[in-house]
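Trainee: Sequence first, then the predicted structure, then my questions.
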Amino acid sequence: MSAHVSAIIGADAYRPFVGPTGVPCVIAGFEPLDILLGLERILEQIKAGEAAVDNQYARVVKPGGNTKARAVMERFFFAAGGCAWRGLGVVPQSGLALKPEYSAYDAEIRYGIAVQRGNEPSGCLCGEVIKGKTRPPQCPMFGKRCTPDHPVGPCMVSSEGTCSAYFKYGGIHETV
């Protein structure tokens, strides 16, 4: 799980997802030891057939999150239904919008613009990579049309993206 998001929403926010899906969840930080501990814990859960929320980043992520940040978010935003996420499609109950009393600060309303929602490029497998259903080298664009200098999908855009990290750290040479 993302430590950035988890620091705000808290570890408890993931509890509804682990039970019904049977998918283990580990929150880890960004330091090498954090990553190794996170990997160890997720492998231990898989081996034991468990699905729990394991917070290995407790120095930053609290069970209830950052209450002050959440209060600010709740002051200005409301849950606006499903939101389209690159590579994942529409995720129910994932959208936020400014509350009506703050609509003067909504750029779409204030400037009369419409934000165009992007479509996934044909042939891009970022959605499958994000979901863990495929690895970057299995994407026909990886390392060819899609590189860190010319990213096609969201997995290559950020240096933290799966494809970008795979590309940088030698994954491009892996035999699939």
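Mentor: That came through, no problem.
Trainee: Which parts of this protein are strands?
Mentor: Remark: strands assigned in the chain by DSSP state E are 25-27, 53-55, 77-79, 83-85, 89-91, 96-98.
Trainee: Spell out which residues make up each domain of this structure.
Mentor: If you go by automatic domain parsing, the domain ranges for the chain are 3-55, 67-110, 126-173.
Trainee: Check the offset of the shortest one from the chain's centre.
Mentor: Spelled out, it's domain 67-110. 17 Å (C-alpha atoms, centre = their mean, to the nearest Å).
Trainee: how long is it end to end?
Mentor: 30 Å (C-alpha to C-alpha, to the nearest Å).
Trainee: packing partners for the longest helix anywhere in the chain?
Mentor: Counting residues, the longest helix found in the chain (DSSP state H) is helix 32-48. On a contact count with 3 or more C-beta pairs under 8 Å, 6 or more residues apart in numbering; DSSP states H and E, helix 32-48 meets strand 25-27, strand 53-55. Backbone N, C-alpha and C define where each C-beta goes, glycine included.
Trainee: Out of the strands of the chain, flag the one nearest residue 140.
Mentor: Distance to residue 140, taken as C-beta to C-beta, is lowest for strand 89-91 among the strands of the chain, at 20.2 Å.
Trainee: where exactly do the helices run in this protein?
Mentor: 3-9, 15-21, 32-48, 67-76, 107-110, 126-130, 154-157, 162-168.
Trainee: Give me whichever of those helices is most buried.
Mentor: helix 154-157 (a mean of 24; mean count of other C-beta atoms under 10 Å).
Trainee: Show residues contacting it.
Mentor: 86-87, 126, 129-130, 136, 146-148, 151, 161-164, 167 (C-beta atoms under 8 Å, 6 or more residues apart in numbering).
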